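Visitor: sharing a sequence plus its predicted fold:
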Amino acid sequence: MDKKLKLAVIGKPISHSKSPEIHQDFASQFDTKIEFKKDEVTPETLETWLADFFKDAGKGVSITLPLKEAALNYADEISDRARLASACNVIYSKDEKIFADCTDGFGLIKDLEENLKVSLEDKKILILGAGGAARGIIPSIIEKKPAKLKVANRTESKALLLREDLEAKVNLKEKNTIFEAGDLSDDFLLDDSYDLVINSTSISTQAGESLGLPKDLFTGTKLAYDLFYSAKKTAFMQDALAAGAEKVSDGWGMLVEQGAESFRLWTNLIPDTSRLLEKPID
Ligand code: NAP
């Protein structure tokens, strides 16, 4: 292929994004040349940015915070994954149409099951946060039939809305999953113990900031997983370890795996993720 495939990642903040390097690694595995830019885009500038990108023969865009919900408005076709999540992390053009999809759930499950060897079936899972990333991962987690899934958010109404939205789309009884939503109060957090605690809040984007979670939250926790990726352990990971969580992980594996799935949507090629998983980009 002589012509470079035009790709991009957009959001705010965006300077920290490793998506250009990840996709260059994927492209180097094939005879594919890509041009991958990162642009700061806000909900206010999203429509114009997307129109210009696709007019200029752009192929695919990774969508990050805070655009995951808003970006759905600009797609002609929305995949089942994105419809269930009411959020998308990838937009691309195909057959003169704009498609929206959500590969976050795929990426997280691949990292948990294949890379970290964690099974979700019959487990109790707590998700902190109810933003675009939480929306993206929850349908894929429910597919794995956990015994209980709790979503706790600073703004409780957003967690309740997320649950309402999902209950209208997914038959939770069929999955044998109890789904609860609430706030970050000790009362809601501590009336259970959790095999897996997932931090999907954006607090780790502010280095050193802590959610101030109660220590007892991590009693019996096998894995505390921060969706944020970071060379150093985030405050959430440090708090979880200090409070007794057996293992912690950041979201690097998820980022690489969701990126590989996005790359497949853009190119029909499935890249090998092992090199990036072994050697994160600083
Ligand atoms: P978002 O849509 O902006 O949502 C942010 C969430 O964080 C909201 O639930 C918000 O609560 C909560 N929050 C923010 N500051 C907080 C604080 N100080 N205390 C408590 N809660 C707080 O962001 P997003 O798209 O969901 O992204 C969330 C995180 O996931 C980011 O760190 C992002 O980098 C990471 N992520 C990683 C991957 C990956 O592949 N590894 C993929 C997607 C996202 P309110 O509703 O109360 O405001």
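Guide: Sure, I can see it.
Visitor: what's the local residue count around whichever residue of the stretch 101-250 of the chain sits closest to the ligand?
Guide: Nearest residue of the stretch 101-250 of the chain to the ligand (C-beta to the nearest ligand atom) works out as residue 131 at 2.0 Å. Any C-beta I mention is one placed from the backbone N, CA and C, and that applies to glycine too. A count of nearby residues for residue 131, using other C-beta atoms under 10 Å, gives 19.
Visitor: what residues does the stretch 1-150 of the chain have near the ligand?
Guide: 65, 66, 68, 104, 107, 129, 130, 131, 132, 133, 134 (C-beta under 6 Å from any ligand atom).
Visitor: mind running it again at 5 Å?
Guide: The stretch 1-150 of the chain comes close to the ligand at residues 65, 66, 129, 130, 131, 132, 133, as judged by C-beta under 5 Å from any ligand atom.
Visitor: tell me how far the residue of the stretch 101-250 of the chain closest to the ligand lies from residue 64.
Guide: In this view, residue 131 and residue 64 are 11 Å apart by C-beta to C-beta, to the nearest Å.
Visitor: so what would you say the end-to-end distance of stretch 58-76 is?
Guide: End-to-end span of stretch 58-76 (C-alpha to C-alpha, to the nearest Å): 16 Å.
Visitor: residues of that stretch that come out buried?
Guide: 58-64, 66-72, 74-75 (16 or more other C-beta atoms under 10 Å).
Visitor: the closest residue to residue 249 other than its chain neighbours is in what secondary structure piece?
Guide: Leaving aside its sequence neighbours, residue 249 sits nearest to residue 225 (C-beta to C-beta, 6 or more residues apart in numbering; 5.0 Å). Under the criterion of DSSP states H and E, residue 225 resides in strand 223-226.
Visitor: pull the residues that contact the helix or strand just after that strand.
Guide: Following strand 223-226 in sequence order, the next helix or strand is helix 235-242 (DSSP H and E). Here helix 235-242 makes contact (C-beta atoms under 8 Å, 6 or more residues apart in numbering) with 197, 199, 203-204, 207-211, 213, 215, 218, 221, 224, 226, 228, 233, 248-250.
Visitor: among these, name the buried ones.
Guide: Buried among the contacts of helix 235-242 (16+ other C-beta under 10 Å): 197, 199, 203-204, 211, 213, 218, 221, 224, 226, 228, 248-250.
Visitor: roughly how far apart are the nearest residue to residue 78 once chain neighbours are set aside and residue 76?
Guide: In this structure, residue 78 finds its nearest non-sequential neighbour in residue 100, 5.0 Å apart by C-beta to C-beta, 6+ apart. For residue 100, the distance to residue 76 (C-beta to C-beta) stands at 9 Å.
Visitor: ditto for residue 185
Guide: Distance, residue 185 to residue 76, by C-beta to C-beta: 42 Å.
Visitor: packing partners for the helix or strand hosting residue 160?
Guide: Applying DSSP H and E as the criterion places residue 160 in helix 156-167. On a contact count with 3 or more C-beta pairs under 8 Å, 6 or more residues apart in numbering; DSSP states H and E, helix 156-167 meets helix 132-143, strand 148-152, strand 178-182.
Visitor: which of the ones you listed has the lowest mean pLDDT?
Guide: Least confidently modelled of these is helix 132-143, at a mean of 94 by mean pLDDT.
Visitor: buried ones in it?
Guide: 132, 133, 134, 135, 136, 137, 138, 139, 140, 141, 142.
Visitor: wait, isn't the fourth one in contact with residue 83?
Guide: In other words, residue 135. No: Residue 135 is beyond contact range of residue 83, at 11.0 Å (criterion: C-beta atoms under 8 Å).
Visitor: about what we covered before: number of residues surrounding the residue nearest to residue 249?
Guide: 27.
Visitor: report pLDDT for it.
Guide: According to the prediction, residue 225 has pLDDT 98.
Visitor: contacting residues for it?
Guide: Contact analysis of residue 225 by C-beta under 8 Å, 6+ apart lists 112, 196, 197, 198, 199, 248, 249, 250, 251.
Visitor: same question, residue 13
Guide: Residues in contact with residue 13, defined by C-beta under 8 Å, 6+ apart, are 40, 205.
Visitor: report pLDDT for it.
Guide: 91.
Visitor: for it, helix, strand, or coil?
Guide: coil (DSSP: H, G, I helix; E, B strand; the rest coil).
Visitor: now do the residue nearest to residue 116 when sequence neighbours are not counted, the pLDDT please.
Guide: With sequence-adjacent residues excluded and distances taken as C-beta to C-beta, 6+ apart, residue 116 is closest to residue 249, at 6.2 Å. Residue 249 carries a pLDDT value of 98.
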